[in-house]
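Chemist: got a sequence here, can you build the structure:
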Amino acid sequence: MENRVNTLTLIKEKEALTKELESLIYGSVELREKGGKKYIYVHFRQDGIATTKYIGEYNDDLYNLILINSDKAKAIKKEIKELDKKLKKSGYLESDLPESVALNIDFAKRHLVDTIYKQAVLEGIATTYADTETIIEGGKINNMTASDVLKVLNLKHAWEFVLNKDVITSPTNFALLCEINKFVEEGFYYNAGCIRSTPVSIGGTNWKPELPFESLIKEELQELLNLNLDTVEKAIEILLFVMKKQIFIDGNKRTAVIFANHLLMSKAKGLIVIPNDKVEEYKKLLIAYYEGKDEKAIKDFLKKFAYVGI
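Modeler: Predicted structure coming up:
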């Protein structure tokens, strides 16, 4: 287990460095003159392919920035190589994704704003589709609380994490579940991603979940993952399991949905997203499920209304 956690940490570090590298304007600078003006182009390799990119009209600040970024890019690439070595040493082998899985990831990315917006609505976060899109694209919002903005940003980061090629090829397991909760609750709880050690209550019911024990949670989760069910049914089982167990101090529903979707996407089986117009019905079924009244109803609901195949 320790090795799996370490592998996820390394993958997480590599993802952050890769994003930083992609955000930089860098490369071998070429100045081209036209009409008495100078224009900046950079040459670099992307995925092993020599690439030339137009940057803009020459000015000293832009030129110097590219030079600084080029040095920074070299350092980042060196760090990525070191992480690759550590990943290889840990037994992790990077492989090309099957085409069907790659298509599922592309599908999820195209619908990311809609998916996060629907998750936000399910959590009672005061946002609109337009505001959610603005936050995800890095814009500023003035009509939302800082707390709600951070929750949307955290959902973005959690989804970006699981949509990473390296993470998709990692097992859907307890270590990944904890990593997802760290993203979901970043900035809210210092112990995000850790098994909760205090009682919690659930709105709308007197039912209270028992305190979770890590060894038991791992065992029960693995049993569910080993069930002889089709992938969609298994994803629904683990989604509901994480929600009902209330494993973490907060963010369990958000964590559960993303975790279940990791399983689906890794098998090219689509997505689970609760539609906005079904939220109230879903919440009622979820309370009944918590109270042990009707497990079949919510599972049928999720398969009929929340599951989207590709």
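Chemist: mind jotting down where the strands sit in the stretch 51-200 of the chain?
Modeler: Shown for the stretch 51-200 of the chain, no strands are assigned by DSSP state E, counting those that start in this stretch.
Chemist: show me the helices in it, by range?
Modeler: Here the stretch 51-200 of the chain has its helices, by DSSP state H, counting those that start in this stretch, at 60-89, 99-110, 112-122, 129-136, 146-162, 165-168, 174-184.
Chemist: among those helices, which comes closest to Gly203?
Modeler: Among the helices of the stretch 51-200 of the chain, helix 112-122 comes nearest to Gly203, with 13.0 Å by Cβ to Cβ. Where you see a C-beta, it was placed from the backbone N, CA and C, and this is true even at glycine.
Chemist: which strands and helices lie in contact with the closest one?
Modeler: Applying 3 or more Cβ pairs under 8 Å, 6 or more residues apart in numbering; DSSP states H and E, one finds that helix 112-122 contacts helix 129-136, helix 146-162, helix 252-266, helix 279-290.
Chemist: what comes up buried for that helix?
Modeler: Counting neighbours by 16 or more other Cβ atoms under 10 Å, one finds that the buried residues in helix 112-122 are 112-113, 115-122.
Chemist: same check, this time on stretch 206-219
Modeler: Along stretch 206-219, these residues count as buried under the neighbour rule (16+ other Cβ under 10 Å): 209, 212, 217-218.
Chemist: ok, now stretch 231-249?
Modeler: For stretch 231-249, burial by neighbour count (16+ other Cβ under 10 Å) applies to 232, 234-249.
Chemist: okay, and which of those residues map to strands?
Modeler: Nothing among the buried residues of stretch 231-249 maps onto strands, per DSSP state E.
Chemist: so which of those residues sit within helices?
Modeler: Among the buried residues of stretch 231-249, DSSP state H puts 232, 234-245 in helices.
Chemist: hmm, back to that, so which of the helices of the stretch 51-200 of the chain is the most packed in?
Modeler: helix 174-184 (a mean of 23; mean count of other Cβ atoms under 10 Å).
Chemist: quick revisit: report the two of the buried residues of stretch 206-219 separated the most.
Modeler: For the buried residues of stretch 206-219, the farthest-apart pair by Cβ to Cβ is Pro209 and Lys218; their separation is 16.8 Å.
Chemist: residues contacting the residue positioned nearest the centre of the chain?
Modeler: Closest to where the C-alpha atoms of the chain average out (Cα atoms, centre = their mean) is Trp159, at 2.0 Å. Listed by Cβ atoms under 8 Å, 6 or more residues apart in numbering, the contact set of Trp159 reads 108, 112, 115-116, 258.
Chemist: again, only using 7 Å
Modeler: Counting by Cβ atoms under 7 Å, 6 or more residues apart in numbering, Trp159 makes contact with 112, 116, 258.
Chemist: low-confidence ranges in the stretch 1-150 of the chain?
Modeler: The stretch 1-150 of the chain contains residues with pLDDT under 70 at 1-5, 46-51, 92-96.
Chemist: figure out which of the helices and strands packed on helix 112-122 is closest to Lys77.
Modeler: Distance to Lys77, taken as Cβ to Cβ, is lowest for helix 146-162 among the helices and strands packed on helix 112-122, at 20.7 Å.
Chemist: domain parsing of the protein, as residue ranges.
Modeler: Under the assignment automatic domain parsing, the domains of the chain span 2-89, 99-308.
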